[in-house]
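Student: Kindly generate the corresponding structure for this input.
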Amino acid sequence: MGIHYFLSFVIEMGLSYPVVFAALSGLAALLALAFCTWLVSLAKHDASVVDSVWAVFILLGAVIYAAALPQSGPRTLCVIALTALWSIRLTAYLTWRNWGEPEDRRYQDIRERNQPNFERKSLYLVFILQAMLAWIISAPLLAALAGVRPLGWLDAVGGAVVIFGVVIESVGDAQLVRFKSAAANRSRVMNRGLWRYTRHPNYFGEFCVWWGFYLMALSADGEWAIISPLLMSVLLLKVSGVTLLEKDIAERRPAYREYVSRTNAFFPGTPKS
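Tutor: Okay, the predicted model is just below:
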């Protein structure tokens, strides 16, 4: 009965069986990587190692999709290159930032809430969950890779938006690192550069990346992949992004309240006077 409903869903969404096979192959690879990362986390007693693997999940998915599809589409090289650009940059930055640091505060909270036996529970609470989210988020990559329509203007716009998002993320992260490296700024709030116009330029850049990939999927008749940018937008704005990061930051850093009153939370805009 479950297979029947799954096949009905596939037919209704207009997905071919090669696309479904590629999707399931990607999911299997992501779950395998999640299991290996979980083992590393047990050895390190640090569940936040999954952050450094997040972008690797998605790059691995894209590579598996491309390999599992029966033929290469016109977007294959472009999609893999853009995904690699985004993934390598983000993975390198997060690994460098977290190297030698204790477990991230977010994961410490999850650990405390899920005792006893968090180590065992973390396999599904953290690692399998991240793999499943990455699989869903990677839907536009699969749609674009599987598309056979010739490249068009939407591909150009989508690729440009992806690159724009990566640049925004890179500049924002670099500016924050430079700001934090100065001892005089330890008690101050970063409100310079891109951070003058949005409190979270890195999240806005990520938003652009996934809507850009969706435009490429749309050009390849992959309308069904809309779930990815919508989910990413919700995560960035309401779940693991802005909302989670700012939950108690004003209590820990009172100057942040003034920053909030003057600066847009997400989409860049002119600072309020």
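Student: which ones are touching Glu206?
Tutor: Remark: with contacts taken as Cβ atoms under 8 Å, 6 or more residues apart in numbering, Glu206 is in contact with Gly165, Glu169, Met232, Leu236. The C-beta positions use only the backbone N, C-alpha and C, and glycine is treated the same way.
Student: Farthest pair within these?
Tutor: Checked with Cβ to Cβ, those reach their widest spread between Glu169 and Met232, with 13.2 Å between them.
Student: So Val148 sits against Ser72, correct?
Tutor: No - judged on Cβ atoms under 8 Å, Val148 makes no contact with Ser72 at a distance of 9.9 Å.
Student: Break this protein down into its domains, please.
Tutor: Structural domains of the chain, as assigned by automatic domain parsing, span the residue ranges 1-147, 149-273.
Student: Mind putting those domains into TSV with mean pLDDT?
Tutor: TSV is the format used below for the domains of the chain (pLDDT from 0 to 100):
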stretch	mean pLDDT
domain 1-147	90
domain 149-273	90
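Student: Centre of the chain to stretch 241-258, how far?
Tutor: Between the centre of stretch 241-258 and the centre of its chain there are 22 Å (Cα atoms, centre = their mean, to the nearest Å).
Student: What residues sit buried inside it?
Tutor: If you call a residue buried by 16 or more other Cβ atoms under 10 Å, then stretch 241-258 has these buried ones: Gly241, Val242, Tyr256.
Student: just checking, next helix/strand downstream of the strand or helix carrying Trp54?
Tutor: Trp54 is located in helix 50-68, with elements delineated by DSSP states H and E. The element immediately downstream of helix 50-68 (helix or strand, assigned by DSSP H and E) is helix 76-98.
Student: ok, and for that following helix, which residues are buried?
Tutor: Going through helix 76-98 with 16+ other Cβ under 10 Å, the ones that come out buried are 76, 78-80, 82-83, 86-87, 89-91, 93-94, 98.
Student: Name the next helix or strand following it along the chain.
Tutor: Counting by DSSP H and E, the element after helix 76-98 in chain order, helix or strand, is helix 105-113.
Student: out of the contacts of Glu206, who's nearest Ala22?
Tutor: Nearest to Ala22 among those is Met232, at 20.8 Å by Cβ to Cβ.
Student: now that closest one: how far from Ile58?
Tutor: Between Met232 and Ile58 the distance, using Cβ to Cβ, to the nearest Å, works out to 11 Å.
Student: Identify the contacts common to these two.
Tutor: Ile137.
Student: Out of the buried residues of stretch 241-258, flag the one nearest to Met190.
Tutor: Taking Cβ to Cβ as the measure, Met190 lies nearest Tyr256 of the buried residues of stretch 241-258, at 9.9 Å.
Student: Return the distance of stretch 198-214 from the chain's centre.
Tutor: Its chain's C-alpha centre lies 9 Å from the corresponding centre of stretch 198-214 when counted by Cα atoms, centre = their mean.
Student: Report the buried residues of that stretch.
Tutor: Counting neighbours by 16+ other Cβ under 10 Å, stretch 198-214 gives 198-214 as buried.
Student: residues in contact with stretch 73-91?
Tutor: 52-56, 58-59, 62-63, 66, 141, 144-151, 155, 159, 162-163, 165-166, 169-170, 209, 213, 216, 219-220.
Student: Is it possible to mark the buried ones in those residues?
Tutor: Among these, those that count as buried by neighbour count (16+ other Cβ under 10 Å) are 52-56, 58-59, 62-63, 66, 141, 144-147, 151, 155, 159, 162-163, 165-166, 169-170, 209, 213, 216, 219-220.
Student: Could you measure from the residue lying closest to Glu119 once chain neighbours are set aside over to Tyr256?
Tutor: Spatial nearest neighbour of Glu119, chain neighbours left out: Leu42 (5.7 Å); criterion: Cβ to Cβ, 6 or more residues apart in numbering. From Leu42 over to Tyr256 the distance is 35 Å, taken as Cβ to Cβ.
Student: now do Gly212
Tutor: For Gly212, the distance to Tyr256 (Cβ to Cβ) stands at 30 Å.
Student: and what of Gln175?
Tutor: In this structure, Gln175 lies at 17 Å from Tyr256, with Cβ to Cβ as the measure.
Student: and what of Thr198?
Tutor: Per Cβ to Cβ, Thr198 is found 14 Å from Tyr256.
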